[in-house]
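Participant: Sharing a model prediction with you, sequence too.
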There are 2 protein chains.
Amino acid sequence: MADKRKRRRADDDSDSELQPLKDQLKGDPTILKILTSLKNAASSSSSSTLTLADLKLDTACREVTDLSLDSIQSKIETLSIEIARSILAGNGFSFQVPSRAATNQLYVPELDRIVLKDKMSSRPYANVATVRKAAITARIMQLIHQLSLKSIHVTKRDLFYTDVKLFQDQTQSDSVLDDVSCILGCTRSSLNVIASEKGVVVGRIIFSDNGDMIDCTKMGVGGKAIPPNIDRVGDMQSDALFILLVEKDAAYIRLAEDRFYNRFPCIIVTAKGQPDVATRLFLRKMKTELKLPVLALVDSDPYGLKILSVYGCGSKNMSYDSANLTTPDIKWLGVRPSDLDKYNIPEQCRLPMSEQDIKTGKDMLEEDFVKKNPGWVEELNLMVKTKQKAEIQALSSFGFQYLTEVYLPLKLQQQDWL
Amino acid sequence: MADKRKRRRADDDSDSELQPLKDQLKGDPTILKILTSLKNAASSSSSSTLTLADLKLDTACREVTDLSLDSIQSKIETLSIEIARSILAGNGFSFQVPSRAATNQLYVPELDRIVLKDKMSSRPYANVATVRKAAITARIMQLIHQLSLKSIHVTKRDLFYTDVKLFQDQTQSDSVLDDVSCILGCTRSSLNVIASEKGVVVGRIIFSDNGDMIDCTKMGVGGKAIPPNIDRVGDMQSDALFILLVEKDAAYIRLAEDRFYNRFPCIIVTAKGQPDVATRLFLRKMKTELKLPVLALVDSDPYGLKILSVYGCGSKNMSYDSANLTTPDIKWLGVRPSDLDKYNIPEQCRLPMSEQDIKTGKDMLEEDFVKKNPGWVEELNLMVKTKQKAEIQALSSFGFQYLTEVYLPLKLQQQDWL
């Protein structure tokens, strides 16, 4: 008895209330078996991924695809010739631009993502209302043509600065850039215009970044910065059983330092908060090429779920590109509202939700992507009812390594994801 | 003539006003020769780095050093025994805490950084005013002791969550953490409490991150995420001639994609905005171990200069650790206010400074670290006088690759740094 007490004090992480949970942990081989069958299920199911074309919807929908630089060039050149002919025929010219307004967006449950309907609007180089926007559209196309000739990548900010006089402010060039994606029917990354990177990846994956082979099991604690230009990423190989998507940096560091991916073969990825385009593209590419299940670890608050939704079914303002930016079938591993009691998170580590938090939570209950998953609705209802939220870090109250040594292994063993 | 015009249109980047600048560019061997002598000068001068002890100042000053986990443990244990003795002798106990207040800070021109003077304050476990803080101090020491026993790293957020009831909010545990650094006389990174990483590095450097060897010439465009725990970084090797410190991500991506480091052997590093502790430690370590000159590329605005100052001479709230966090003798390569005219940055790419910008600029003119460099004062005066600022991205108005193909090579060739 004295011995036991002494041992406890030495590691100082255990807590009598927690012992039952620790005791439930079986050996790693049991958990690995569970993960292997999860992986096998994911790789057989994702081979039959539905596309928009398969669905034969009543509403016509529009999606963009990745195009090669050659096709981008020839599309822009064809369009330019059409415009020149129209001008020479005395008809002036006009761009036909797909509408990206909210009224033209549609959530498709079968695909579990938002897509664009087929409304178009005309942008003639003719009247005061549209002449500037038509000029900007032509200029952006010219710049994109140049990028594709040189085969280099630039940021949206670079693009803006090439013609400040015309664009006036960056929101104008950014918005027309999305229009140009829709007009050409290609993804924004095909245009070689990239967002700045902030994600990192570590664990059981090898891939090429601009020709260099990167082994993410040999990237220390820091990990590999996710490349901003997904078209230069390829040759993915992995012996992982799943992808662990982490909302925050702090949890990522804990997992990386403990080399969690060596105990349970996985790939650990984080965008350090709000998902950026580069991380979303990278996650989708991993999921598609490696056919791995994706388990998400986010804060237990409405924003954690929102982040999950952006990875899962896309953000509204880039819905035209949802097929390439989203990763379907992400499982919500934790931290879920029901975990707070299940894992005895102490009262003082739970935070009261603000009015705004509660409103966001209630709004999310109306979202299609939540409604289609009854388990998520139940969890979100519990959150709104208890008015409590908690960060992933709250698990540190049981010891710094509780996340990697108890919480996650038990979650995996119990297949406790939704 | 017709040919020349055609060629110009093809790359579309040239501009008749710019031709004189492009024409000034000599071959790369000339520029490499310049850089080699710069490097040689840096490696011979930095061998005689001054320390606080060398100076024999009138004012006693306090600095912390990197300590091993063993020394941290024994320091905490010694302190605990002293406290226990004091309590047993009926005297209660009290911590002696170095003051980190502004009045206790000193800029030392010889070292070119801010240090702490030797004022101490007593924190007795005795009266209402200090009893909580004394308890927090003891608890943080206990947690640090645990970390050093386990040899793991955690974030400040993790630390806070281990005892929310006591700490109440994170500012309290954060602030006492800095106190504990000062009490023990060690750097915060020695305490194994780390900040989240956001920097990336690419180019001619090989180093080990937690035992993995990382070759940053083979990190694609994304680069290597800078590790959060500098004590696991080592074995630095490099054939670079200089370190290029970049304020922003967009410029970093341009340099990485163009593999600028292969044309001019260098190491490219960015913290993507405000310098974080991990990037500052990494930069210092590179500079110290590799003895390379550091050239900085920041926006031409007061914040660009402020960022430079944080890398160079430290932030006020961590002045006790300035020796380990700062990189002396950073050269201001660009974009400098005088570059705007010299490189004919178009009017529409220059931005008017706000009232707040101008005030910040004027305040900076009073700072010691600016005043000691007459060239910087001149540039800053010009900025405040013209009331114009510009981002690094403004150079894109001459073509996307103007930065890597004209601006930087010419700067290096002309040794145009301050």
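Facilitator: Received the coordinates, thanks.
Participant: quick one, phi/psi of A:Ile330?
Facilitator: phi -80, psi 130 (degrees, to the nearest 10).
Participant: A:Cys61: how many residues sit nearby?
Facilitator: For A:Cys61, the count of nearby residues is 18 (other C-beta atoms under 10 Å in any protein chain shown). From N, CA and C alone the C-beta is placed, and that goes for glycine too.
Participant: just A:Leu245 next, same as before
Facilitator: Neighbour tally, A:Leu245, other C-beta under 10 Å: 28.
Participant: and the host helix or strand of it, what does it pack onto?
Facilitator: When elements are assigned from DSSP states H and E, A:Leu245 belongs to strand A:242-246. Here strand A:242-246 touches helix A:28-45, helix A:249-257, strand A:266-270, helix A:277-290, strand A:294-297, going by 3 or more C-beta pairs under 8 Å, 6 or more residues apart in numbering or on different chains; DSSP states H and E.
Participant: From B:Leu351, how far off is A:Leu408?
Facilitator: Using C-beta to C-beta, to the nearest Å, we find A:Leu408 at a distance of 48 Å from B:Leu351.
Participant: More neighbours: which of these two?
Facilitator: A:Leu408 (26 against 17).
Participant: if you look at the helix or strand containing the more buried one, does any of it touch chain B?
Facilitator: Secondary structure assignment for A:Leu408, by DSSP H and E: helix A:408-413. No - if you take C-beta under 8 Å from any C-beta of the partner chain as the test, helix A:408-413 misses chain B, and the best it gets is 15.3 Å.
Participant: Spell out, range by range, the strands that occur in the stretch 101-250 of chain A.
Facilitator: Taking DSSP state E, counting those that start in this stretch as the test, the strands found in the stretch 101-250 of chain A are A:105-108, A:113-117, A:120-124, A:154-155, A:193-194, A:200-203, A:206-209, A:212-215, A:224-225, A:233-237, A:242-246.
Participant: can you list those in a markdown table and add distance to B:Lys198?
Facilitator: Shown next, in a markdown table, are the strands of the stretch 101-250 of chain A (distance: least, C-beta to C-beta, whole Å):
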| stretch | distance to B:Lys198 |
| --- | --- |
| strand A:105-108 | 33 |
| strand A:113-117 | 30 |
| strand A:120-124 | 39 |
| strand A:154-155 | 17 |
| strand A:193-194 | 18 |
| strand A:200-203 | 9 |
| strand A:206-209 | 19 |
| strand A:212-215 | 19 |
| strand A:224-225 | 10 |
| strand A:233-237 | 21 |
| strand A:242-246 | 15 |
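Participant: Out of those, which is closest to B:Ala250?
Facilitator: strand A:154-155 (4.3 Å; C-beta to C-beta).
Participant: Direction included, what does the closest one pair up with?
Facilitator: Here strand A:154-155 has these sheet partners by DSSP bridges: strand A:193-194 (parallel).
Participant: Please save the CA atoms from stretch A:50-58 in CSV.
Facilitator: In CSV, the C-alpha atoms belonging to stretch A:50-58 read as follows (Å, rounded to 0.1, in the frame of the first residue of the first chain):
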residue,chain,number,x,y,z
LEU,A,50,-19.2,9.1,-55.9
THR,A,51,-18.7,12.1,-58.2
LEU,A,52,-21.2,14.8,-59.2
ALA,A,53,-21.6,13.1,-62.5
ASP,A,54,-22.7,9.8,-60.9
LEU,A,55,-25.6,11.4,-59.2
LYS,A,56,-27.6,12.6,-62.1
LEU,A,57,-29.1,15.4,-60.0
ASP,A,58,-32.1,17.5,-61.3
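Participant: what's the average pLDDT for that stretch?
Facilitator: Taken as a whole, stretch A:50-58 has a mean pLDDT of 78.
Participant: List the contacts of it.
Facilitator: Applying C-beta atoms under 8 Å, 6 or more residues apart in numbering or on different chains, the external contacts of stretch A:50-58 come out as A:61, A:63, A:108, A:110-111, A:115, A:323.
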